[in-house]
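> I would like to see how this sequence folds:
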Amino acid sequence: MATLPNPLPKLASDPSGRSLGLQLPPGVLLDTTYDGPADEPLLWHAGRDVSPGNWAALGAPAARVGLLPLLVDVGSTQGGLEHWHLRPGQTSYPGDHEAEEVLASYWDEYAAYEAGAGDDHPGRDKVVELFGEPATYEEQVAPFGPDWPGLAPAGVLAADPDVRAAGVADALSDGRGDWFKQPRLALVPARRSADIPAAIGWSGPVNYESDVARLCAVLRSWEDRFGIRVVALGFDILVVSVAAPPTTLAEAEAVAAEHFAFCPDNVVQGEAETLRAYAEELVGERVWSFWWD
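Numbering: from 1, shown residues only. Model (predicted):
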């Protein structure tokens, strides 16, 4: 596949972005990766915290020149973006993967792991004492079982996906949600919003999936079916806006199965603990967030 031209090098001599038709505040061009400096900048981010309205003001003009908006957290406990262990050179292309194949493989791997896991393990008694008896695998994934249930049907758009993304970005900018300490507006050279994590070689899910492009293939499918946009990234947190969320519990359970495969920690280490309880939180939800341990 032909490489998407990267407009970011122009900002080295034109920090305001006027040659690209942009009006940028002072910012930072990031080329730091785990393997050393990249040949070209991976992203630009503003030097000040984002404010409501910034996304809408800059997003559309930037997209016209191949740069997509993103919020990045520069104030996480793990440090700024230079400590994110970005590895674009180790990332494949999202279009080389099929979303259903990726999700089915995750679902099957988790089922196989649970089938081979014993009920007894070091420290289990202490965990039960502190948190109570954990849900069984069957309870976790009900109403489904060990066989992959398939993709959820597409939702119906309740809003324009880009307008919804701007609204979610404004909410995060205004301090709603407790995911980010210092969100700043960034611009990433990417063909579509779902590709942003792969474009920068984001390693947030590395303990679960070492090639984030496989997860981006799922994000592409969610773009098509649910109108999602990648709105924000932290060290190990992904937040997307949702323009076509499930509207019934049955729809939400089908989506929840995909979320379980995509990021089991959302359920097994979350407050819901079971897919059914998690699904109740997805009905009409405009924001999906994912965290990998």
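> low-scoring stretches of this protein, by residue?
1-3, 117-132, 176-177 (pLDDT under 70).
> go with 50
For the chain, applying pLDDT under 50 flags the ranges 1-2, 121-124, 126-131.
> Now do the SS call for the residue nearest the centre of it.
By Cα atoms, centre = their mean, the chain has its centre lying nearest to L238, at 3.2 Å. Under DSSP: H, G, I helix; E, B strand; the rest coil, the three-state class of L238 is strand.
> Sticking with the closest residue to it other than its chain neighbours, tell me its helix or strand.
Using Cβ to Cβ, 6 or more residues apart in numbering and skipping residues adjacent in sequence, the residue nearest L238 is F290, 4.6 Å away. (Glycine included, C-beta is placed from N, CA and C.) Element membership for F290, per DSSP states H and E: strand 287-291.
> just how off-centre is that strand within its chain?
The chain centre lies 7 Å from the centre of strand 287-291; the measure is Cα atoms, centre = their mean, to the nearest Å.
> For that strand, C-alpha coordinates in PDB please.
Extracted as PDB, the C-alpha positions of strand 287-291 are listed here (Å, rounded to 0.1, in the frame of the first residue of the first chain):
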ATOM      1  CA  VAL A 287     -18.400   7.200  24.700                       C
ATOM      2  CA  TRP A 288     -16.600   3.900  24.800                       C
ATOM      3  CA  SER A 289     -13.400   3.700  26.800                       C
ATOM      4  CA  PHE A 290     -10.900   0.900  27.000                       C
ATOM      5  CA  TRP A 291      -8.000   0.200  29.400                       C
END
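> Residues touching that strand, excluding its own?
Here strand 287-291 makes contact (Cβ atoms under 8 Å, 6 or more residues apart in numbering) with 168, 171, 177, 179, 205, 228, 231, 236-242, 259, 262-263, 265-266, 282.
> Buried among those residues? Make that a ChimeraX selection.
A single ChimeraX command selects the buried members of the contacts of strand 287-291 (16 or more other Cβ atoms under 10 Å):
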select :168,171,179,205,228,231,236,237,238,239,240,241,242,259,262,263,265,266,282
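> The lengthiest helix in the chain: which residues count as buried?
The longest helix of the chain (DSSP state H) is helix 99-116. Under the neighbour-count criterion of 16+ other Cβ under 10 Å, helix 99-116 has A99, E100, V102, L103, A104, Y106, W107, Y110, A111 buried.
> Kindly export that helix (C-alpha atoms) in CSV.
As requested, C-alpha coordinates have been extracted for helix 99-116 and formatted as CSV (Å, rounded to 0.1, in the frame of the first residue of the first chain):
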residue,chain,number,x,y,z
ALA,A,99,-12.2,-7.4,12.2
GLU,A,100,-14.2,-10.5,12.7
GLU,A,101,-11.2,-12.8,12.4
VAL,A,102,-9.3,-10.7,15.0
LEU,A,103,-12.2,-10.6,17.4
ALA,A,104,-12.9,-14.3,17.0
SER,A,105,-9.3,-15.2,17.7
TYR,A,106,-9.3,-13.1,20.9
TRP,A,107,-12.6,-14.7,22.0
ASP,A,108,-11.3,-18.2,21.3
GLU,A,109,-8.0,-17.6,23.1
TYR,A,110,-9.8,-16.4,26.2
ALA,A,111,-12.1,-19.3,26.2
ALA,A,112,-9.2,-21.7,25.8
TYR,A,113,-7.3,-20.0,28.6
GLU,A,114,-10.3,-20.3,30.9
ALA,A,115,-10.9,-23.9,30.0
GLY,A,116,-7.3,-24.7,31.1
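> Lovely, talk soon.
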